[in-house]
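Asker: for reference, the sequence and a predicted model appear below.
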Amino acid sequence: MTAVRPESAVYAADSGGPALREAFVTGDVPVAVYGLGKMGLPLAAVLADVTGNVVGADIDPEVVAAVERGESPVEGEPGLAELVAETTAAGSLRVTGDPVDAAADGRFHVVIVPTLLDDRNDPDLSALLAAVDAIAEGLSPGDLVVVESTVPPGTTRDVVAPRLAERSGLDPEEFGVAFCPERTASGRALRDIRGAYPKVVGGVDAESERVASLLYDEVTSNEVVRAGDATSAECVKVFEGVYRDVNVALANELARVADPLDVDVRRAIEVANTQPFCHIHDPGPGVGGHCIPLYPHFLTSQVETDLPLIETSRSVNDAMPAFVTSSVVKLLGDEGTDVADADVLLLGVAYRAGVDETRKAPARPIARALSKLGADVYATDPVVDVGEVPDLEATPLDHDDIESAASQFDAVVLVTAHEDYETVAFDAFENGVVVDTRDVVEDDSPAVYTIGSGRS
Ligand SMILES: NC(=O)C1=CN([C@@H]2O[C@H](COP(=O)(O)OP(=O)(O)OC[C@H]3O[C@@H](n4cnc5c(N)ncnc54)[C@H](O)[C@@H]3O)[C@@H](O)[C@H]2O)C=CC1
Ligand SMILES: CC(=O)N[C@@H]1[C@@H](OP(=O)(O)OP(=O)(O)OC[C@H]2O[C@@H](n3ccc(=O)[nH]c3=O)[C@H](O)[C@@H]2O)O[C@H](C(=O)O)[C@@H](O)[C@@H]1O
């Protein structure tokens, strides 16, 4: 039986028909976005561009102040600074430091706050619950609440929806709840949000899913895929990430046979992938970011079932920094240099190319391990401010000084495949070994050891 919601801007009399779509794009369905970070600000700006009526809430005063000034505190997103300036100037995007404030205004509530792990690798949903509690204070009959933050499967149905009802005093039938994952990647957020991929929606009931799919259909130029329920939609997001972590682990494990087999594994992978059903990923120094390394734990923490492949893949990826470190030590030894006497430069601290993000970045454990062995470790990055990176055991080196300082280093390790490194003259490192963990360095450079390909 379809839930009959109290009539509201979202659940108009002919809910789901032209009236709702029309109301949404004319600003008659006020939108509240909770979390204006790397994903939330681009999302709020696009929703403001579509509807003309968005209030963004963030608990970080610096974020609020920047957006109030019409500035984007999120960098590295093409078009975002302009869109934030335009939508704030037009009054389409307002911002508040009080999520309860936003909840009072909003009728369509979108939560995109951080969901991380605690120090025991259990999901930390504290930010999500705080946002949900704020929404509950301002929830009105006929509202729709959507979670976009990645969460462990079952969270929307078993935690968010009941908590909203309990804390708002509303009957569960009086409002809608759905999970609609954010599938966007940093550096291409506006393009992704506007329709690079289908938008997935899943409701705690059919009416929630139907209305969520209508609203997002006005946002994306791509199709909207209805997962059938909220937990299925949560699984879609987590499975995408787990698929990636397991497949990167396969590539990393294959990279380990390059030396014993004396084969260029990267080349073999490239050729194997000419089969349409073969999609072996790229070997690297480890899996970073605050998404892919986390999502397997969002699944394993939810079930008692043994999931050895998923858990082992995590271990394989987390062991890559040690594999890189041992390769550096061996190559230095081959040159008669003891790692304890070595100066080592890490090229790249960001977890992947082009992003200003170092959470779970492989550079951190590589620097720590080399320092522990007595090496003097330096690090540079064209995007990240290395001096501001917490827990990095390395001396910052300015990106522009790489070639002039090159001769002092006994080893240089390319950790992040930043585009800037494609133009570095690696022959300037004539006194040292070059370890390339991302297959960026041109083969005609001096003896380069590429993880997965061996010596050039
Ligand atoms: N960064 C990425 O590449 C992607 C992230 N996601 C998911 O999106 C969610 C958000 O991630 P990011 O935007 O990267 O995080 P972020 O750390 O860049 O931004 C989070 C923002 O939320 C704010 N915040 C924290 N608690 C709040 C609260 N109770 N109310 C209002 N604002 C609050 C913070 O001050 C911060 O500005 C996470 O669940 C993540 O898994 C999904 C796809 C891609
Ligand atoms: C399934 C999927 O591709 N998810 C994307 C991913 O983006 P993210 O920014 O985390 O980057 P990523 O390309 O997955 O890389 C994650 C980590 O894995 C490493 N990595 C990735 C692919 C590969 O073949 N080899 C490899 O070593 C990267 O260097 C990086 O350290 O996670 C995002 C997220 O959910 O936050 C998601 O929106 C993005 O679409």
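Answerer: Yep, it's here. Numbers count the residues shown, from 1 in each chain. Ligands and ions are numbered 1, 2, ... in the order given.
Asker: OK, contacts around the closest residue to residue 68 other than its chain neighbours?
Answerer: Closest residue to residue 68 apart from its sequence neighbours, by Cβ to Cβ, 6 or more residues apart in numbering: residue 95 at 5.6 Å. Where you see a C-beta, it was placed from the backbone N, CA and C, and this is true even at glycine. Residues near residue 95 by Cβ atoms under 8 Å, 6 or more residues apart in numbering: 36, 55, 56, 57, 58, 64, 67, 68, 88.
Asker: near ligand 1, which residues of the stretch 1-150 of the chain are found?
Answerer: The stretch 1-150 of the chain comes close to ligand 1 at residues 34-40, 57-60, 63, 99, 112-115, 127, 130-131, 149-150, as judged by Cβ under 6 Å from any ligand atom.
Asker: so who does the residue nearest to residue 334 when sequence neighbours are not counted touch?
Answerer: Once flanking residues are discounted, residue 334 sits nearest to residue 433: 7.8 Å by Cβ to Cβ, 6+ apart. By Cβ under 8 Å, 6+ apart, residue 433 lies in contact with 328, 331, 332, 334, 335, 410, 411, 412, 447, 449.
Asker: how does it look with 7 Å?
Answerer: By Cβ atoms under 7 Å, 6 or more residues apart in numbering, the contact set of residue 433 is 331, 332, 335, 411, 449.
Asker: over to residue 48?
Answerer: 54, 87, 92, 93.
Asker: confidence score at it?
Answerer: The score at residue 48 is 98. That number is its pLDDT.
Asker: and the strands in the stretch 351-456 of the chain?
Answerer: All strands of the stretch 351-456 of the chain, identified by DSSP state E, counting those that start in this stretch, fall at 376-380, 395-396, 411-414, 433-436, 448-450, 454-455.
Asker: okay, those, which one's buried deepest?
Answerer: strand 411-414 (a mean of 27; mean count of other Cβ atoms under 10 Å).
Asker: that one packs against which elements?
Answerer: Counting contacts by 3 or more Cβ pairs under 7 Å, 6 or more residues apart in numbering; DSSP states H and E, strand 411-414 packs against helix 320-334, strand 343-347, strand 433-436.
Asker: the first one to strand 343-347, inter-axis angle?
Answerer: Okay, so that is helix 320-334. Interaxial angle, helix 320-334 versus strand 343-347 (axes from the mean of the first three to the mean of the last three Cα atoms, to 10 degrees): 140 degrees.
Asker: which residues in the stretch 1-150 of the chain form helices?
Answerer: Applying DSSP state H, counting those that start in this stretch to the stretch 1-150 of the chain gives helices spanning 18-25, 40-51, 61-68, 80-89, 99-105, 126-138.
Asker: list of residues touching the last one?
Answerer: Right, helix 126-138. In contact with helix 126-138 (Cβ under 7 Å, 6+ apart) are residues 34-35, 99-100, 103-104, 109, 111, 113-115, 145, 149, 151, 160, 163-164, 167-168.
Asker: please pick the buried ones from the residues you listed.
Answerer: 34-35, 99, 103-104, 109, 111, 113-115, 145, 149, 151, 160, 163-164, 168 (16 or more other Cβ atoms under 10 Å).
Asker: intersect those with the contacts of ligand 2.
Answerer: Applying Cβ under 6 Å from any ligand atom to those, none is adjacent to ligand 2.
Asker: and the residues you listed, which of them are in strands?
Answerer: 34, 109, 111, 145 (DSSP state E).
Asker: need the max-distance pair from those residues.
Answerer: 34 and 145 (9.8 Å; Cβ to Cβ).
Asker: just the contacts of residue 48 now: which is nearest ligand 2?
Answerer: residue 54 (21.4 Å; Cβ to the nearest ligand atom).
Asker: residues touching that closest one, list them.
Answerer: Here residue 54 is in contact with 31, 33, 44, 47, 48, 92, 93 (Cβ under 7 Å, 6+ apart).
Asker: can you tell me the closest non-neighbouring residue to residue 287?
Answerer: Using Cβ to Cβ, 6+ apart and skipping residues adjacent in sequence, the residue nearest residue 287 is residue 317, 4.2 Å away.
Asker: contacts made by the helix or strand containing that neighbour with the rest, please.
Answerer: For residue 317, the host element (DSSP states H and E) is helix 308-318. Outside helix 308-318, the residues that touch it by Cβ under 7 Å, 6+ apart are 242, 245, 246, 248, 249, 252, 253, 286, 287, 296, 299, 300.
Asker: among those, which lie within helices?
Answerer: Counted as lying in helices by DSSP state H, out of the contacts of helix 308-318, are 242, 245, 246, 248, 249, 252, 253, 296, 299, 300.
Asker: count the residues that sit near the residue nearest to the last one when sequence neighbours are not counted.
Answerer: Ranked by Cβ to Cβ, 6+ apart and with sequence neighbours excluded, the top spatial neighbour of residue 300 is residue 307, at 5.3 Å. A count of neighbours around residue 307, defined by other Cβ atoms under 10 Å, yields 14.
Asker: and the gap between residue 307 and ligand 1?
Answerer: 20 Å (Cβ to the nearest ligand atom, to the nearest Å).
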